[in-house]
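# Just a sequence and a predicted model for now, questions to come.
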Amino acid sequence: MTRVLPALPKPTQNSPDPLREPALYLNRELSQLDFNFRVLAQALDEGVPLLERLRFLCISCTNLDEFFEIRAATVRHAQDFGLPPAPDGMSSQAILDAIHDRAANLVEQQYHCWNHVLRPALKAAGIGVLGRNSWNARQKRWLRAYFRNEIMPVLSPLGLDPAHPFPKILNKSLNIVVVLEGTDAFGRSGHLAIVRAPRSLPRIIRLPKSLSDDGQDFVFLSSVLSYFVGELFPGMEVKGAYQFRVTRNSELVVDEDEVENLALALRDELVDRGYRPAVRLEIAEDCPKPIIRTLLHNFELSENAVYRIDGPVNLNRVVQVYDMVQRPELKYPAFVPRTLHDSDSIFGIVAHGDVLLHHPFDAFTAVLDLIRQAAVDPQVLAIKQTLYRTGKDSAIVEALILAAHNGKDVTVVVELMARFDEEANLGLADRLQEAGVQVVYGVVGFKTHAKMLLVVRREGRKLRRYVHMGTGNYHSGTARAYTDLGLITADPEIGNDVHMLFQQLSGLTAKVKLRRLLQSPFTLHAGILQRIERETRHARAGRPARIIAKMNALNEPQVIRALYTASQAGVRIDLIVRGACTLRPGVAGVSDNIRVRSVIGRFLEHSRVYWFANDGAPETYCASADWLERNLLRRVETCFPILDPKLIERIEHEVLQNYLDDNLNAWELRADGCYHKLRPEPGQPPHSAQMALLGTL
């Protein structure tokens with residue numbers, strides 16, 4: 001993707017702080033949108049298996065939905081309340097205008113990818129996703145019967161008139177606006193009607209094999225609704241049927257300082273989440289302008305919230321085809337992750353040295369084994385754990401319940417405000433409490449995003465603490481799809497630090513002094529700044545200085561200014577930032593020693609690693625936190641050191657240098673704010689970091 005940006009102004013010498021110049025910062029929302037262009041590029045890469053390309057397309061669509069639900073909605077909120085501009089200096093209106101232009105470009109590319117690249121490629125592979133114009137007579141007969149028997153009985157079309165005002169439209173639901181002509185049984189003239197597709201209906205319909213010419217054929221529910229919608233209005237003539245979808249603000253607003261029971265308040269808020277203010281309208285490309293104006297008026301949206309769609313408005317639903325089609329040759333090959341020795345006790349293994357887990361290349365079973373063995377071990381007295389996202393039917397939750405049943409003292413910190421998992425976490429908290437687990441909802445006003453597990457075990461006359469800390473959630477599913485790092489250790493100081501953190505979360509203790517860990521919102525932000533400034537001092541003194549950091553996103557202004565200062569002092573800085581990055585690299589005299597790259601591959605890059613050269617005595621940290629304002633200043637996060645020299649070397653090799661050598665899946669951020677896909681230089685061997693790690697299994 002290329003775009004023309006205005007020339008970058010040079011910071012003025014008269015400015016009290018030249019490093020605050022807006023020109024030195026990229027816009028977070030636009031940078032987040034750019035990430036989805038990189039995801040979409042995977043769908044266009046012919047080197048990726050075909051069904052995986054389909055999955056990447058759907059991920060880019062789902063990501064865009066969430067972008068509007070959260071990021072665009074946040075900008076609209078800032079506009080409504082007159083909040084000051086971000087460090088990049090753009091006003092809220094300017095950001096919204098730029099979002100529309102950039103998102104419209106992304107949507108156009110997504111549907112071009114679907115209509116002209118992937119759909120034909122799937123058809124050639126014997127997998128048809130058939131549009132209305134391609135149904136043969138036998139398929140139409142079957143689909144008409146399917147409509148009458150399976151779809152029509154659950155539909156409730158609504159004609160719009162003074163007695164039937166515009167209905168509430170659920171967030172991201174599939175709807176058809178129908179233009180009617182004629183008079184109904186009560187003498188009412190037809191004009192417009194709304195047909196809402198209930199969530200109980202499948203969005204992708206598989207045709208019987210007998211109706212497929214050369215393989216497996218599928219049809220979108222939206223196509224069936226649009227084609228047969230006339231049967232819902234006998235005696236009326238359908239002049240047009242246009243699918244649409246509205247996206248709403250999904251940020252929950254709970255004034256935690258004003259409620260006595262956060263769980264009850266959150267339950268009330270969840271009821272209305274699907275009907276909060278609209279932020280985007282997706283509408284069929286051929287929909288007439290008067291109907292669009294009617295929809296915009298109803299949803300209180302302006303023209304820059306409209307996206308005309310050349311295909312199904314819920315394109316992300318085609319991901320169901322990935323699961324419904326069993327064609328291993330069209331998917332990534334399966335792999336078996338490394339495991340610890342099954343015959344060994346996890347406590348015995350960790351007693352001999354720290355264990356580093358690099359998921360998904362290392363199996364998540366080591367974490368499960370730690371909890372399962374703790375649940376049944378008579379020497380284990382207590383288990384404490386944070387849970388942010390766990391997934392359905394979590395083996396971890398079952399082990400915690402078993403531990404409580406076995407008389408262990410079990411405390412779980414459940415983050416109720418985990419975005420889009422709020423309802424699941426409410427149910428999880430109820431279930432744990434019913435089993436006798438002490439459930440804590442975290443800290444009012446600060447999401448508990450830290451990932452930590454503490455097991456207290458009696459060994460002889462002493463109590464020993466075993467700790468797991470990680471960069472990712474305690475979720476078996478994401479442990480197979482995300483790259484994350486985890487540390488299992490019995491280090492006494494780390495164990496004591498984690499113990500004090502749990503006391504802080506469950507009780508009302510004062511700020512604690514930690515020996516090994518850095519913690520948000522207290523010491524992590526300052527700790528990062530101190531280590532960046534230390535590298536700066538080393539560089540100015542002529543000593544070796546370098547910083548390598550891997551994270552999901554970066555936007556905290558003080559950290560960025562500290563990195564700029566370090567670059568000016570000569571510190572070589574490599575940042576591996578998967579998603580949004582508001583730091584502008586490569587600016588002469590400011591950030592010319594900073595490189596930023598994003599790696600997009602088979603697995604979602606999720607690990608957070610901070611590495612500081614420290615004049616030949618490197619420090620390596622892993623963390624639950626990105627270098628975002630929210631993570632460093634408004635959340636409970638943990639950052640833990642890697643102390644074993646062998647594990648430090650492993651991280652340097654596997655997670656840092658390996659990704660800096662990637663020239664197949666890496667994108668480099670340039671000073672103009674554009675990302676460029678890297679390619680092997682002449683004579684340079686191709687290297688994919690993720691594939692290299694899979695090759696070691």
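Structure received.

# roughly how far apart are Gln109 and Asp310?
11 Å (CB to CB, to the nearest Å). Placement of C-beta: from N, CA and C, glycine included.

# now Leu232
Leu232 is 25 Å from Asp310, by CB to CB.

# Of these two, which one has the most company?
A side-by-side neighbour count of Leu232 and Asp310, using other CB atoms under 10 Å, places Leu232 first with 20 against 14.

# which residues of the stretch 351-500 of the chain fall in helices?
365-376, 395-405, 422-434, 476-481, 492-506 (DSSP state H, counting those that start in this stretch).

# So which residues make contact with the longest one?
Yep, that's helix 492-506 we're talking about. With CB atoms under 8 Å, 6 or more residues apart in numbering as the contact definition, helix 492-506 has outside contacts at 384, 386, 411, 413, 438, 440, 442-443, 448, 450, 452, 454, 464-467, 469, 489, 509, 511-512, 514-517, 519, 636, 638, 640-641.

# Now find how far off-centre that helix is within its chain.
Between the centre of helix 492-506 and the centre of its chain there are 29 Å (CA atoms, centre = their mean, to the nearest Å).

# just the shortest one next, same as before
Once both centres are worked out by CA atoms, centre = their mean, helix 476-481 turns out to sit 13 Å from its chain's centre.

# on contacts alone, who are the packing partners of that helix?
Packed against helix 476-481 by the contact rule (3 or more CB pairs under 8 Å, 6 or more residues apart in numbering; DSSP states H and E) you find no helix or strand.

# All the strands of the stretch 251-400 of the chain, in order from the start?
Secondary structure of the stretch 251-400 of the chain (DSSP state E, counting those that start in this stretch): strands located at 278-284, 306-309, 355-359, 380-387.

# Please give me every residue in contact with Ile560.
Residues near Ile560 by CB under 8 Å, 6+ apart: 24-25, 87, 554, 582-583.

# any chance of the strands of the stretch 251-400 of the chain in TSV, plus mean pLDDT and distance to Leu225?
Putting the strands of the stretch 251-400 of the chain into TSV (pLDDT from 0 to 100; distance: least, CB to CB, whole Å) gives the following:
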stretch	mean pLDDT	distance to Leu225
strand 278-284	95	12
strand 306-309	96	15
strand 355-359	97	41
strand 380-387	96	40
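
# what's the closest of those to Leu40?
Nearest to Leu40, of all the strands of the stretch 251-400 of the chain, is strand 306-309, at 15.4 Å by CB to CB.

# Against which helices or strands is that closest one packed?
On a contact count with 3+ CB pairs under 8 Å, 6+ apart, strand 306-309 meets helix 92-112, strand 278-284.

# Adjacent strands (with direction) for it?
strand 278-284 (parallel) (DSSP bridges).

# Quick check: the closest residue to Ser250 other than its chain neighbours vs Leu130, distance?
Once flanking residues are discounted, Ser250 sits nearest to Glu69: 3.8 Å by CB to CB, 6 or more residues apart in numbering. Using CB to CB, Glu69 is found at 30 Å from Leu130.

# cool, Ala617 as well?
63 Å.

# likewise Leu221?
To Leu130, Leu221 is 13 Å away according to CB to CB.

# What are the boundaries of the strands in the stretch 501-650 of the chain?
For the stretch 501-650 of the chain, the strands defined by DSSP E, counting those that start in this stretch cover 518-520, 546-551, 572-577, 594-599, 604-605, 609-612, 619-623, 635-641.

# Nearest to Arg531 among those strands would be which one?
Taking the strands of the stretch 501-650 of the chain one by one with CB to CB, strand 609-612 is closest: 4.8 Å.

# ok now do Ala566, which residues does it touch?
532-533, 535-536, 539, 545, 547, 573, 593.

# which of those residues are buried?
Among these, those buried by neighbour count (16 or more other CB atoms under 10 Å) are 532, 535-536, 539, 545, 547, 573, 593.

# in the chain, what secondary structure element scores lowest on mean pLDDT?
Confidence across the helices and strands of the chain bottoms out at helix 262-272, with a mean of 59, counting by mean pLDDT, DSSP states H and E.

# so what's Ile401 scoring on pLDDT?
Predicted confidence (pLDDT) for Ile401: 95.

# what residue ranges in the stretch 1-150 of the chain score low on pLDDT?
In the prediction, the stretch 1-150 of the chain carries residues with pLDDT under 70 at positions 1-15.

# switch the cut-off to 90
Filtered on pLDDT under 90, the stretch 1-150 of the chain yields the residue ranges 1-17, 73-74, 76-86.

# Ala617 and Leu130 - which one has more neighbours?
Neighbour totals were compared for Ala617 and Leu130, and Leu130 leads with 21 against 7 (other CB under 10 Å).

# how much space is there between the more buried one and Pro328?
Counting by CB to CB, the gap from Leu130 to Pro328 is 24 Å.

# Could you please name the strands the lengthiest strand in the chain pairs with and the direction of each pair?
Across the chain, the longest stretch assigned as strand under DSSP state E is strand 237-248. Here strand 237-248 is paired, per DSSP bridges, with strand 175-181 (antiparallel), strand 278-284 (antiparallel).

# what does the last one rub up against?
Spelled out, that is strand 278-284. Contacts for strand 278-284 (CB under 8 Å, 6+ apart): 68-69, 72-73, 76, 242-249, 292, 295-296, 299-301, 305-309, 313.

# Which members of these are classed as buried?
68-69, 72-73, 76, 242-249, 292, 295-296, 299, 301, 305-309, 313.

# Tell me the spacing between Gly235 and Asn658.
As judged by CB to CB, Gly235 and Asn658 stand 68 Å apart.

# Among these two, which residue is more densely surrounded?
The residue with more neighbours, out of Gly235 and Asn658, is Asn658; 18 against 10, by other CB under 10 Å.

# which element is that one on?
Using DSSP states H and E, Asn658 falls within helix 658-660.

# Pull the helix or strand just after that helix out as CSV, backbone CA atoms only.
Per DSSP H and E, the first helix or strand lying C-terminal to helix 658-660 is strand 666-669. Provided in CSV are the C-alpha atoms of strand 666-669 (Å, rounded to 0.1, in the frame of the first residue of the first chain):
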residue,chain,number,x,y,z
ALA,A,666,8.4,-8.7,7.9
TRP,A,667,7.2,-5.2,7.1
GLU,A,668,9.4,-2.2,7.7
LEU,A,669,7.9,1.1,8.8
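
# Low-confidence stretches in the stretch 401-550 of the chain?
If you take pLDDT under 90 as the line, the stretch 401-550 of the chain has these spans: 414-431, 441-447, 506-512.

# give me phi/psi at Leu221?
phi -60, psi -40 (degrees, to the nearest 10).

# repeat for the one 5 residues further on
Backbone dihedrals for Ser226, given as degrees, to the nearest 10, come out at phi -70, psi -40.

# List the contacts of the closest residue to it other than its chain neighbours.
Nearest non-adjacent residue to Ser226, counting by CB to CB, 6+ apart: Ala241, 4.7 Å away. Listed by CB under 8 Å, 6+ apart, the contact partners of Ala241 are 176-179, 225-226, 229.

# Mind putting those into CSV with pLDDT and distance to Leu669?
Converted to CSV, the contacts of Ala241 look like this (pLDDT from 0 to 100; distance: CB to CB, whole Å):
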residue, pLDDT, distance to Leu669
Ile176, 96, 42
Val177, 95, 42
Val178, 94, 47
Val179, 92, 47
Leu225, 95, 43
Ser226, 94, 42
Val229, 94, 47
